[in-house]
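1. Quick one: sequence and predicted model below, then my questions.
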Amino acid sequence: MSQQKDTIIVVDNGGQVAHLIATKIRALKVYSELVQPGEMEGLGDNVKGIILSGGPASILEEGGPKFDPQVLQLKKPVLGICYGLQQLAQELGGDVVHSDEREYGPAVLKKKTNSPLLGGWGESEQVWMSHGDRVDKLPDGFEVIGSTQNSQCSAIGDESRNIYGVQFHPEVVDTPKGDLLLGNFAYDICGCEKSWHMKDYVEQKTRELKERVGDKSVLLLVSGGVDSTVCVKLLSEAIPEDQLYCLHIDNGLMRKNESREVAESLGHIPNFKLVDASQTFLQRLKGEYRPEEKRKIIGTTFIDVANDEIKNLGLDDWLLAQGTIYPDTIESGGTKHAAVIKIHHNRVDIIKEMISDGKIVEPINQLYKAEVRELGTELGLSEKFVWRHPYPGPGLGIRALCSDGNGEDLTVLKGRLEEYLVDNQTSYSLDILPCRSVGVKGDSRSYEYAAIVSGEWDWENLSELSLDVVNKVEGINRAIYLLPGQRIDSMELKEAYITQDRMDLLREADAIVMGGLDKAGLMREVWQCPTVLLPVDVNNKGESIVIRPVYSMRAMTANFARLPHNTVSEIKDELLDLDGISAVFYDTTSKPPGTIEWE
Ligand code: XMP
C-alpha cells in the first residue's frame, strides 16, 4: 500500500484479532497493515506507531509469538493489546502471572488517571476481556491508568516513552468506546493524519491486478452478491475488458429479478454470459425432500453446468478470480458455512486444478464485509446494492422446506410440551409445527421440530420463552411466534417439493419481506432475513411462511431481530394476501441453538 501515508503497524500475535485491529484503524482513515513478529526490518518513516495484537497463546508458555526487539528500537509509540500488553510488561521488567480463572466477557474499567489513551472515556466504561494471564507488577516508569475488578493493571502507560498497554480488547464491539481509544492512540499519541481512503485501496489493487494478470484472461463466476460484483468492478478497472470473462448461472433458485439485475449491471462486459440453467436444476430436484440431498443436488448440478460452460469458453492462458473475503479465509479451516459458501465453486474440476496450480486471484481477500461494502460504494455501486443481505448459494432451494407428506407421530413430543407447560408458568400457549428444521445444539447439527408460540407480542418475553423451551424440551430446536391476528384451527403437513410454482411463490414472499425491511430503513440493521416456505397447511388455505430476521456480525452467532411491530404487521398482511399462503410465523430463536437458515 501507499508507503507515503501515515501508517500504524499491527504486529500479528496470532489469529484473526490482529486483522480486526488493522481494519479498525483503517476505518479511522489511518492506513494500517499487519507485519509478522521478526519481519519489521526496513519500515519507513511513515510508520507513526505500533500495535501489538492479542493472540491465543500464553506468554508464560513456550512456543507463543516472540517479542520483536524492533518494536522498541524504532522509538515510536506502542500500544500492546492483551498478549501484546503482557509482552511489553515482560520485556520491560514487569511480571506476568497465570490467573486462577480465565476472565472472559464484559468487565467495567475504572479510570485511574487522565491518560491521553483514555481521552473521552467516562470514569467507568464497559470493556471486553478474554485472558488467562495478567500483569502483576508494572515495569519501571509505568502507571496504572485503568483497572477492572479482576485485573488491577487493565490499562497501563508510560507517557514519557509513549508506551501503553490494555488487557481488554478495544477492537471488538463489546468495548463500546474501543474505537475512541484506538483513535486516541492513532491521532493524539502517534500524531497520524486522516489520510487513508478506500480510493487508495482501489488504486493499489488495480496496480497489483494489472501486474499479476498481464495479458492473461480472467474468469469469474458471479453470483450477483456484493463480493463477486465488487470483484468484477475492481477487475474491470484493472484489465482490458476483453480479458475479463464473467459467468452467471441462474439456478432457478434466485431472488425475484436477481439474475435479470445481474445481467443488467454486468451486461456491458463483452464476455459476460448469463446461463439460464433453471430447468436443469428443477428437473434434478424433482421429488426430493431431504435437506442434505437437496443441497447435494444443487451443488453437483452447479458443478456440472459450470464445468460445461467453462469448457465451452475454451480459454487458454487464464486465471480464476474469486470474491473470497477475509472471514472466508480464516474460517476455511473449519466447518463454517462461510467456507461452504464458496465450496460449490471450488469443487468444479477445472477450478480445483486452477487452485492447485495457484492460478487464483483474490482481490478482496484482505477485507471484511463492511470494507467490501465501502469499496463497492467507492466503485460506484448503489447504496441499495451494497447493503443487500448475504444470500446462500443454494438460494431458495434451502428456504423452501419440502416433504413427502408422511409426518411423524408427534404424540410423545406433544406430551413433553404439555409437561413443560405444567412445570413452567407462562401466559403463552404452545403447539408443535409438524415439520423439522436444522439447528445447532452443542457443536452438532440438530434436525428437530419447532414450538409454535401464541400470545402477547413482547419480544423479550418471547426471547426468554424460546430459549427456555428449546433448552428444556427434548426434540425442539426452535420457537416461532404466530403473529397476532391469526388463529390455527387445523394444521397439516403437506407433500411438497421444489417446483416452479413454489419457487415463484417464495420469490414473491421474499420480495415482500425485503421490500418491507427496505421501506422501514432496516436493511443495514438486520444482517439477514430468510423467508422460509413451510409445507404446512393451516386452516386448509395453503402453505405457511416463517420470517427469520437476525442481527449478527458474521453469521457465526445471531440474535433474532426485534423489529418494530408495525413493520412486521404490514409484511404479514401482505404475505397473507398472497394466493397460497395460510399463516405467517416469526422465528424467535437465536443462533445457537437455531441456525440462521432452516435447512
Ligand atoms: P447458518 O444457517 O448455518 O448460516 O446459521 C450461516 C450463514 O451461512 C449462510 N449459508 C450458506 N451460504 N451456501 C451458502 O452460500 C450454503 O449452503 C449455506 N448455508 C448457510 C447463511 O445464509 C448464513 O449467512
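-> On my side now, so go ahead.
2. For residue 267, grab phi and psi.
-> Main-chain dihedrals, residue 267, degrees, to the nearest 10: phi -60, psi -20.
3. same check, this time on residue 476
-> Phi and psi for residue 476, reported as degrees, to the nearest 10, are phi -110, psi 130.
4. Double-check it against residue 470; I have them as touching.
-> Yes. Contact criterion C-beta atoms under 8 Å: residue 476 and residue 470 qualify, at 5.6 Å. Placement of C-beta: from N, CA and C, glycine included.
5. what is in contact with those two at once?
-> residue 451 (C-beta atoms under 8 Å, 6 or more residues apart in numbering).
6. Can you tell me how far residue 52 is from residue 467?
-> Separation of residue 52 from residue 467 (C-beta to C-beta, to the nearest Å): 39 Å.
7. who has more neighbours, these two?
-> Each of residue 52 and residue 467 has its neighbours counted (other C-beta atoms under 10 Å); residue 52 has more, 30 against 15.
8. In contact with the more buried one, which residues?
-> Counting by C-beta under 8 Å, 6+ apart, residue 52 has contacts 11, 13, 71, 78, 79, 80, 81, 83, 84, 85, 87, 88.
9. quick one, what contacts the fourth one?
-> What that stands for is residue 78. 49, 50, 51, 52, 71, 72, 88, 162, 163, 164.
10. Would you mark the buried spots in the helix or strand harbouring the fifth one?
-> When secondary structure is defined using DSSP states H and E, the element that contains residue 71 is helix 70-73. Within helix 70-73, the residues that qualify as buried by neighbour count (16 or more other C-beta atoms under 10 Å) are 70, 71, 72.
11. what's the answer for stretch 130-144, then?
-> Neighbour-count burial for stretch 130-144 [16+ other C-beta under 10 Å]: 130, 131, 133, 134, 135, 138, 139, 142, 144.
12. Pull the residues that contact it.
-> The set of residues external to stretch 130-144 that reach it, using C-beta under 8 Å, 6+ apart, is 54, 58-60, 82, 85-86, 88-89, 92-99, 102-105, 112-113, 150-158, 160-161, 163, 165, 167, 169.
13. Those residues in strands, which ones?
-> Under the assignment DSSP state E, the contacts of stretch 130-144 contribute 95-99, 102-105, 155-158, 163, 165 to strands.
14. out of those residues, which are buried?
-> Neighbour-count burial (16+ other C-beta under 10 Å) applied to those gives 96, 103, 155, 156, 157, 158, 163, 165.
15. So which of these sits lowest on pLDDT?
-> Lowest pLDDT within those is found at residue 103 (76).
16. Tell me how many other residues surround the closest residue in space to it that isn't next to it in sequence.
-> Excluding its sequence neighbours, the residue lying closest to residue 103 (C-beta to C-beta, 6 or more residues apart in numbering) is residue 129, at 4.7 Å. Residue 129 has 22 neighbouring residues, counting by other C-beta under 10 Å.
17. my guess is residue 129 meets residue 99, correct?
-> No. Look at residue 129 against residue 99 with C-beta under 8 Å: they stay out of range, at 10.6 Å.
18. where do the contact lists of the two overlap?
-> 150, 151.
19. ok, which stretches of the stretch 51-200 of the chain are helices?
-> In the stretch 51-200 of the chain, the helices defined using DSSP state H, counting those that start in this stretch lie at 70-73, 83-91, 178-183, 198-213.
20. winner for burial among those?
-> helix 83-91 (a mean of 25; mean count of other C-beta atoms under 10 Å).
21. Which other helices and strands does that helix contact?
-> If contacts are counted by 3 or more C-beta pairs under 8 Å, 6 or more residues apart in numbering; DSSP states H and E, helix 83-91 sits against strand 47-52, strand 78-81, strand 95-111, strand 124-137, strand 163-166.
22. The fourth one - what's its average pLDDT?
-> The average of the pLDDT scores along strand 124-137 is 91.
23. tell me the contacts of the closest residue to residue 359 other than its chain neighbours?
-> Spatially, and ignoring its direct neighbours in sequence, residue 359 is nearest to residue 319 (5.1 Å; C-beta to C-beta, 6+ apart). Neighbouring residues of residue 319 by C-beta under 8 Å, 6+ apart: 212, 213, 216, 217, 218, 219, 354, 359, 360, 361.
24. So what pairs up with the fifth one in the strands?
-> This means residue 218. Here residue 218 shows beta-bridge partners residue 244, residue 319, assigned using DSSP bridges.
25. ok, the residue in the stretch 51-200 of the chain positioned nearest to the ligand to residue 122 distance?
-> Closest to the ligand within the stretch 51-200 of the chain is residue 173: 18.3 Å, counting by C-beta to the nearest ligand atom. Residue 173 sits 18 Å away from residue 122, going by C-beta to C-beta.
26. what residues are up against the residue in the stretch 401-550 of the chain that the ligand sits nearest to?
-> Residue of the stretch 401-550 of the chain nearest the ligand, by C-beta to the nearest ligand atom: residue 528 (5.3 Å). By C-beta under 8 Å, 6+ apart, the contact list for residue 528 reads 389, 390, 549, 550, 552, 555, 558, 596.
27. among those, which are in reach of the ligand?
-> 390, 555, 596 (C-beta under 6 Å from any ligand atom).
28. of those, the lowest pLDDT goes to which?
-> Ranked by pLDDT, these bottom out at residue 555, which scores 74.
29. okay, now that residue: neighbour count?
-> Using other C-beta under 10 Å, residue 555 has 21 neighbouring residues.
30. The closest residue to it other than its chain neighbours: what's it in contact with?
-> In this structure, residue 555 finds its nearest non-sequential neighbour in residue 596, 6.1 Å apart by C-beta to C-beta, 6+ apart. Residue 596 sits next to 528, 530, 548, 550, 552, 555, 558 when contact means C-beta under 8 Å, 6+ apart.
31. which intervals of the protein have sub-threshold pLDDT?
-> Residue ranges of the chain with pLDDT under 70: 1-3, 15-16, 101, 327-348, 441-444, 554.
32. Could you chop it up by domain?
-> Listed by automatic domain parsing, the domain ranges of the chain are 7-189, 198-392, 403-587.
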